[in-house]
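[1] this is the structure alone, sequence omitted:
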Ligand SMILES: *Cc1c(COP(=O)(O)O)cnc(C)c1O
């Protein structure tokens with residue numbers, strides 16, 4: 001068996017190790033929030049957001065944000081059918097209903113026309129997920145939000161380094177969320193961030209994040225409401241602080257890895273990769289290849305071919321409406337054609353920081369072999 005080529009692997013240097021060690025040795029008592037504050041501040045500077053709250057996960061950040069905007073049972077939230085489950089779960093935690101709509105063929109992000117068509121009197125929010133680093137059609141989505149008075153929320157878990165007309169992903173909607181799970185471009189092992197430019201929402205989420213204890217409450221151990229416990233630890237934040245100090249380099253490397261694939265596959269016209277439209281920047285969290293419909297490829301064939309070479313490529317997200325836990329299958333299959341169809345013929349390619357050109361060449365060879373098998 002050839003040595004394994006991993007799909008993601010964090011880049012942790014002496015910098016992160018030294019901060020984490022310092023946090024473990026000294027970050028207690030009065031200093032117990034020191035790295036959390038440093039991490040939040042540096043993250044604000046990087047994204048341009050006014051307010052940031054470090055959390056234990058992106059799921060938790062979404063849960064608190066949705067709770068703060070008042071999502072309640074039987075409300076509806078519109079999101080793309082192509083999504084990680086973590087974008088939909090927090091909606092259900094609050095008893096509300098996820099409404100899955102189709103994606104665009106080029107960005108694999110939510111289709112604004114489908115969003116507008118899905119709006120009902122019960123729609124309380126629209127979640128725009130910048131999938132694999134690709135940027136959503138923010139101008140159209142924000143205009144729809146404005147027209148109907150519905151907040152746009154950005155799940156930017158996969159979009160650190162992605163920008164739309166110079167604005168960082170996550171900073172344009174009512175609030176934005178990020179994930180620092182071990183597979184993401186910036187990692188703390190597990191972790192996330194809530195960002196917003198809305199001071200009132202920030203204060204609400206800050207209180208919620210602290211078990212409902214307002215920072216203006218002078219009484220000790222006095223929750224004013226039932227909140228959550230989705231905090232990040234100081235030690236994780238120390239790693240995050242090191243990572244955000246290196247973020248330009250981490251994103252630059254993601255872009256280099258993507259470019260290498262792109263250049264080598266440029267002349268193969270039976271496949272498409274992540275798009276970077278005019279006036280946007282793609283953080284390229286996951287270089288992804290979508291094979292053309294006409295070649296009749298299957299997810300299983302792609303998976304097997306990569307497995308044979310011991311390459312840990314990952315399948316494109318299944319449409320959430322395909323999952324038995326959401327009983328929307330029959331209807332969505334016909335309606336969300338792109339989400340259902342693209343997932344069958346796409347693959348995420350390995351893209352970790354230290355991947356070598358030789359390893360990337362092995363990945364590219366598998367793609368060419370797959371096409372060859374199909375007579376292309
Ligand atoms: C990774 C991811 C999440 C979840 O992040 P956690 O930190 O694991 O909660 C949410 N949404 C998207 C789109 C993701 O890729």
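    Happy to help now that I have it. Bear in mind that the values here come from a model prediction, so they are computed numbers and not experimental data.

[2] contacting residues for residue 93?
    Neighbouring residues of residue 93 by C-beta atoms under 8 Å, 6 or more residues apart in numbering: residue 63. (C-beta placed from N, C-alpha, C; glycine too.)

[3] model confidence score at it, please.
    For residue 93, the model assigns a pLDDT of 98.

[4] likewise residue 330?
    63.

[5] what mean pLDDT does stretch 103-117 get?
    Mean predicted confidence for stretch 103-117 is 98.

[6] what comes into contact with that stretch?
    78-82, 101-102, 126-132, 134-137, 140-141, 144, 272, 275, 277, 288, 290, 336, 338-339, 342.

[7] measure stretch 208-225 end to end?
    8 Å (C-alpha to C-alpha, to the nearest Å).

[8] what residues sit buried inside that stretch?
    208, 209, 210, 213, 214 (16 or more other C-beta atoms under 10 Å).

[9] ok, now stretch 45-56?
    So, applying 16+ other C-beta under 10 Å, buried residues of stretch 45-56: 46, 47, 49, 51, 52, 53, 54, 55, 56.

[10] repeat for stretch 150-167
    For stretch 150-167, by 16+ other C-beta under 10 Å, it's 150-164.

[11] one more: stretch 136-146?
    Within stretch 136-146, the residues that qualify as buried are 136, 137, 138, 141, 142, 144, 145, counting by 16+ other C-beta under 10 Å.

[12] please apply the same query to stretch 299-316.
    Buried, per 16+ other C-beta under 10 Å, within stretch 299-316: 302, 305, 306, 309, 311, 312, 313, 314, 316.

[13] just checking, what packs against the helix or strand hosting the second one?
    Read that as residue 305. For residue 305, the host element (DSSP states H and E) is helix 299-308. If you count contacts as 3 or more C-beta pairs under 8 Å, 6 or more residues apart in numbering; DSSP states H and E, helix 299-308 packs onto strand 314-315, strand 346-348, helix 357-373.

[14] if we use 6 Å, what do you get?
    helix 357-373 (3 or more C-beta pairs under 6 Å, 6 or more residues apart in numbering; DSSP states H and E).

[15] so which of the buried residues of stretch 45-56 are in strands?
    51, 52, 53, 54, 55 (DSSP state E).

[16] let's have the buried residues of stretch 208-225 in TSV, adding pLDDT and secondary structure.
    TSV is the format used below for the buried residues of stretch 208-225 (pLDDT from 0 to 100; DSSP: H, G, I helix; E, B strand; the rest coil):
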residue	pLDDT	secondary structure
208	96	helix
209	95	helix
210	93	coil
213	93	coil
214	92	coil
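
[17] tell me which of these is nearest to residue 191?
    Minimum distance to residue 191 across those is 13.3 Å, recorded for residue 209 (C-beta to C-beta).

[18] OK, contacts around the closest one?
    Neighbouring residues of residue 209 by C-beta atoms under 6 Å, 6 or more residues apart in numbering: 53, 64.

[19] returning to that earlier point: take the buried residues of stretch 208-225 and lay them out in a markdown table including distance to residue 191.
    Formatted as a markdown table, the buried residues of stretch 208-225 follow (distance: C-beta to C-beta, whole Å):
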| residue | distance to residue 191 |
| --- | --- |
| 208 | 17 |
| 209 | 13 |
| 210 | 17 |
| 213 | 22 |
| 214 | 24 |
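
[20] now tabulate those in CSV and tack on distance to the ligand.
    Shown next, in CSV, are the buried residues of stretch 208-225 (distance: C-beta to the nearest ligand atom, whole Å):
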residue, distance to the ligand
208, 16
209, 15
210, 19
213, 23
214, 26
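
[21] and the two most separated of the residues you listed?
    Across the buried residues of stretch 208-225, no pair lies farther apart than 209 and 214, at 11.2 Å, counting by C-beta to C-beta.

[22] for the protein, which strand is longest?
    Max-length strand for the chain by DSSP E is strand 123-129.

[23] which parts of the lowest-mean-pLDDT helix or strand in the chain are buried?
    In the chain, no helix or strand scores lower on mean pLDDT, DSSP states H and E than helix 329-335, which sits at a mean of 76. By neighbour count on 16+ other C-beta under 10 Å, the buried set for helix 329-335 is 332, 333, 335.

[24] for residue 87, see how far away the nearest residue to residue 84 once chain neighbours are set aside is.
    Leaving aside its chain neighbours, residue 84 sits nearest to residue 317 (6.2 Å; criterion: C-beta to C-beta, 6 or more residues apart in numbering). Separation of residue 317 from residue 87 (C-beta to C-beta, to the nearest Å) stands at 10 Å.

[25] SS state for the closest residue to the ligand within the stretch 251-376 of the chain?
    Residue nearest to the ligand within the stretch 251-376 of the chain (C-beta to the nearest ligand atom): residue 285, separated by 8.0 Å. Per DSSP: H, G, I helix; E, B strand; the rest coil, the local secondary structure of residue 285 is coil.

[26] and the nearest residue to residue 309 once chain neighbours are set aside, what's its pLDDT?
    The shortest distance from residue 309 to any residue other than its chain neighbours is 5.5 Å, reached at residue 366 (C-beta to C-beta, 6+ apart). In this model, residue 366 is scored at 96, pLDDT.

[27] so residue 366 makes contact with residue 305?
    Yes - the criterion here is C-beta atoms under 6 Å, and residue 366 meets it with residue 305 at 5.5 Å.

[28] contact residues of the chain facing the ligand?
    By the rule C-beta under 6 Å from any ligand atom, the part of the chain lying against the ligand is 57-59, 83-84, 86-87, 129, 155, 157-158, 179, 181, 192.

[29] please enumerate the helices of the chain.
    14-26, 34-47, 58-68, 85-93, 112-118, 138-148, 199-209, 234-245, 247-265, 299-308, 329-335, 337-342, 357-373 (DSSP state H).

[30] least confident of those helices, on average?
    Among the helices of the chain, helix 329-335 scores lowest, at a mean of 76.
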